[in-house]
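Peer 1: sequence below, structure please.
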Amino acid sequence: MKRMLSLRDQRLKEKDRLKPKKKEKKDPTALKEREVPQHPSCLFFQYNTQLGPPYHILVDTNFINFSIKAKLDLVQSMMDCLYAKCIPCITDCVMAEIEKLGQKYRVALRIAKDPRFERLPCTHKGTYADDCLVQRVTQHKCYIVATVDRDLKRRIRKIPGVPIMYISNHRYNIERMPDDYGAPRF
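Peer 2: Numbering: from 1, shown residues only. You can find the predicted model right below:
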């Protein structure tokens, strides 16, 4: 008898499981809410109107190191690339990353402490430079990001309206920059 009750109980449970849950009917007169990402007003046809001379260029750690290896003067090469005045900017996270690299990269540290470079303070916790650069560029789209790091380039390409400066053939090139600003195409 117990066995039969247990089988009956099992069948009832299966029926309960198989019953579709009733969906709540939505009121057709209620306003529909949907979230649409707000695009900044500086982006006009995917071109960033906040960009203009003098250009503010956020510099990454590896960009300084590769510039030294390619024997390029940072500020002069940036001006040769963009045909305008450039202000290299270094965040506290990038400076901390260069200091952590130690004695081998003392030339990069000396270049980063150049008075022509603008120092940007960081308010967040941690010293991971890639996250810091991506966060700053997402908030303020007035920067060009100078990097050689593939992962960082991939992350920045997802942010609309932010040009990327990189090194190729012993010179600086720029990607995703409008033709009107005078950046050369190669």
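
Peer 1: distance of residue 135 from residue 121?
Peer 2: 13 Å (C-beta to C-beta, to the nearest Å). In this view, the C-beta of every residue, glycine as well, is placed from N, C-alpha and C.

Peer 1: ok, these two, which is more surrounded?
Peer 2: residue 135 (14 against 6; other C-beta atoms under 10 Å).

Peer 1: so that one is in which element?
Peer 2: Under the criterion of DSSP states H and E, residue 135 resides in helix 129-139.

Peer 1: in that helix, which residues are buried?
Peer 2: Across helix 129-139, burial judged by 16 or more other C-beta atoms under 10 Å covers 129, 130, 132, 133, 134, 136, 137.

Peer 1: what is it packed up against?
Peer 2: strand 55-59, strand 86-91, helix 92-101, strand 143-146, helix 150-157 (3 or more C-beta pairs under 8 Å, 6 or more residues apart in numbering; DSSP states H and E).

Peer 1: most centrally placed residue in the protein?
Peer 2: residue 134 (2.9 Å; C-alpha atoms, centre = their mean).

Peer 1: skipping its backbone neighbours, what lies nearest that one in space?
Peer 2: For residue 134, ignoring the flanking residues on the chain, the nearest one in space by C-beta to C-beta, 6 or more residues apart in numbering is residue 155 at 5.4 Å.
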